[in-house]
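[1] give me the fold of what follows.
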Amino acid sequence: MVILGLGNPDRKYACTRHNAGKHVIDELLTRKTEEIQNWRSKYFRAWEIKINSHITVVAKPRTFMNESGKAALAINTKFCINPCELLVIYDDINLPLGKLRIRKKGSSGGHKGVQSIIDNLNTENFPRIRIGIGMPANGQNLVEYVLSDFTEEEKNTADEMVKNAADAVELILKEGIEKAMAKINGQNETSLP
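    Residues are numbered from 1 along each chain as shown. Model (predicted):
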């Protein structure tokens, strides 16, 4: 399985809500017990790592969010995987801040990065972890909202959410997506077992 955390490549977007998927990859990289090798291509950066006893590849796109499908297609080609072996992690305004949802497949839900992946892979059949960033306040522009940093009041919840999403990845690697869905999808805000 390859874990792809979505986000924008430019430094000015590093701490934004839209980069929540990349933050999870950063968290997984801090947890690695061994780095086996790494790759850099035009479309992605990837690391083969060992987390506990599981060896996996984690990746970040080098494309902007709306072109994430180019990175996903390049990853699928490089690692000879089927779309169902690509776990995509991304921000979701339709979930409250701190809430996680795991799905085996589905539509983009209006997320342009996910739609780009669907378009490039020609399928909705890839697993994903949706990370709740909440909805913008009344009257706030959606683009400005997702490209803004978390507020001081939100930072603790956002940090905990990233750790919980990394825990969810480890759970998927250890127990499979069905068990991870059963354990995580019914839980409140940021609590994991």
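[2] from here on, contacts and neighbour counts on C-alpha atoms
    OK.
[3] flag every buried residue along whichever helix in the chain runs longest.
    Criterion DSSP state H: the longest helix present in the chain is helix 152-175. Along helix 152-175, these residues count as buried under the neighbour rule (16 or more other Cα atoms under 10 Å): 157-159, 161-173.
[4] which residues touch the residue nearest the centre of the chain?
    Closest to where the C-alpha atoms of the chain average out (Cα atoms, centre = their mean) is I89, at 1.7 Å. For I89, the contacting residues are 3-6, 21-22, 24, 128-131, by Cα atoms under 8 Å, 6 or more residues apart in numbering.
[5] would you map the helices across this structure?
    Using DSSP H, the helices of the chain run over residues 20-31, 68-78, 112-121, 142-146, 152-175, 177-184.
[6] those: which one's closest to N94?
    Closest approach to N94 among those is made by helix 142-146 (11.9 Å; Cα to Cα).
[7] any buried residues in the closest one, and which?
    Quick answer for helix 142-146 (16+ other Cα under 10 Å): 145-146.
[8] go on, stretch 78-89?
    For stretch 78-89, the neighbour count (16+ other Cα under 10 Å) marks 83-84, 86-89 as buried.
[9] could you measure from the residue lying farthest from the centre of the chain over to K50?
    For the chain, the largest distance from the centre (Cα atoms, centre = their mean) belongs to G139, which lies 27.3 Å off. Distance check for G139 against K50: by Cα to Cα, to the nearest Å, it reads 45 Å.
[10] same question for H18.
    The gap separating H18 from K50 is 27 Å, by Cα to Cα.
[11] L147 is in contact with T16, correct?
    Yes - when contacts are counted by Cα atoms under 8 Å, T16 is listed as touching L147 (5.3 Å).
[12] any residues in contact with both of the two?
    By Cα under 8 Å, 6+ apart, no residue touches both T16 and L147.
[13] buried residues, stretch 63-78. List them.
    The neighbour-count check on stretch 63-78 (16+ other Cα under 10 Å) flags 63-76 as buried.
[14] how far is that stretch from where the chain is centred?
    From the chain centre to the centre of stretch 63-78 is a distance of 13 Å (Cα atoms, centre = their mean, to the nearest Å).
[15] then stretch 160-167?
    Offset of stretch 160-167 from its chain centre (Cα atoms, centre = their mean): 11 Å.
[16] where does this protein have low pLDDT?
    Per-residue confidence of the chain (counting by pLDDT under 70) places the weak regions at 188-193.
[17] how about the nearest residue to P96 once chain neighbours are set aside, what does it touch?
    Excluding its sequence neighbours, the residue lying closest to P96 (Cα to Cα, 6 or more residues apart in numbering) is G134, at 4.3 Å. Counting by Cα under 8 Å, 6+ apart, G134 makes contact with 92-97.
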